[in-house]
Structure formats: C-alpha cells, structure tokens
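Participant: I would like to see how this sequence folds:
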Amino acid sequence: MSLKAGDWAAWVQAVGSIAAVCAGFGYVYAQTRWQDERRERDRADRAEVVAYRLSGWLGEVGLRVRERCQFYQNFKNARDHSDEDHPLQLRAPLKLDARKLGEDCGIEGVMSDVHYLRSGSGDIAKLDFQARSFDAYLDSKTDEAELLVDDSIEDRLRTLRELHASAERDLNTAMKKERRA
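Facilitator: Have a look, this model is predicted:
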C-alpha cells in the first residue's frame, strides 16, 4: 500500500489543519488564563488598597464606639437622676459624628470599591449605615431627658460594637490574604 504524492499532500494538509486548530484553541486558552490571572492580581491589588483605606476608618469608628459605650455606662452608673439642678449633657458626648468621620477618613471614596473584598463588605456597609443612623436617632430626640430612659441606646451601641468587631475581623483577614496573594 503505497501512497501517491497527492495522497501524501492530503494527509499532510489534514494533519496540519488539525494541528492549526489545536494550536488556535491552545493560544486562546493560554491568553484567557493569562487575562484571568491579571484580573485576579488587579482585584487583589484593589482589595488591598480598599482594605488599608478602610482600616483607618474602621479603627476610628471602633475607638469612638468604645468611648461612647464607656461614657454611656459611666453616665448611667454615676448619674443621680433625682438631681434636677444638674443640667443633662448626654446627646453631644454620645454622637459619633459619623458624617464627619466618613469625610475625614475617606470612606466615601472607597464604598463603591468595597465589593473587591472577598468578605466583610456587608458588615462595613452596615457599620457605616448604623453609625449614621445612631447619630440621626440622637438628633431626633428633642429632650435630653428622653435619652436617659431610652433603653435602645444601649442596644444600638452594642450593635455598633458587634458590627465593628465583625468588620474588623473580616478586614484583617482580607489584608492578610491579600498580602499572601
């Protein structure tokens, strides 16, 4: 069984076509894989920047929440509620000043990129919302005396403390992961 020159040419052309198709698929696969790796590195870089920018804001929120919790507990424990001659000063020291805090620490510019973090972005957004909500709630009270009998303040502060702890844990985990990536 001998092949003629035309048959050999057909075989070479068939094998060459198959090799070209395989090479084309291989090239597209390699290029796609390279682009995926590049996108993942870019996402990791952005996540690291977001995490570091948020860490300052998160630290400041945590400090303010701890201070307000301590102040509220001290105020509740030390205040003689029957002393009407002593003016009530509760609202101003309790306020977190969340709007100014967001502007100072730059969270506004980062919130649109929080999705780059693999986890914890929900808690960070909730913490931002709850901090602003807490200040608005304090502003809504017309009488300082209302704040003394308001049991929800302690619950709101506890919620802020828990959200902060969860967000800080997730952010620290994200920063460690991004450093390893």
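
Participant: Retrieve the pLDDT associated with the closest residue to L3 other than its chain neighbours.
Facilitator: The shortest distance from L3 to any non-neighbouring residue, by CB to CB, 6 or more residues apart in numbering, is to W11 (7.3 Å). The C-beta positions use only the backbone N, C-alpha and C, and glycine is treated the same way. The model reports W11 with a pLDDT of 89.

Participant: What about W11, how many residues nearby?
Facilitator: 11 (other CB atoms under 10 Å).

Participant: likewise L94?
Facilitator: Close neighbours of L94, defined as other CB under 10 Å, add up to 21.

Participant: Does the closest residue in space to it that isn't next to it in sequence belong to a helix, a strand or coil?
Facilitator: Closest residue to L94 apart from its sequence neighbours, by CB to CB, 6+ apart: R68 at 5.5 Å. Put simply, R68 is helix when judged by DSSP: H, G, I helix; E, B strand; the rest coil.

Participant: Show the contacting residues for R68.
Facilitator: R68 is in contact with P93, L94, L96, L157, counting by CB atoms under 8 Å, 6 or more residues apart in numbering.

Participant: now the residue nearest the centre of the chain: how far from A167?
Facilitator: When CA atoms, centre = their mean is applied to the chain, the residue found nearest the centroid is S121 (3.2 Å). The gap separating S121 from A167 is 9 Å, by CB to CB, to the nearest Å.
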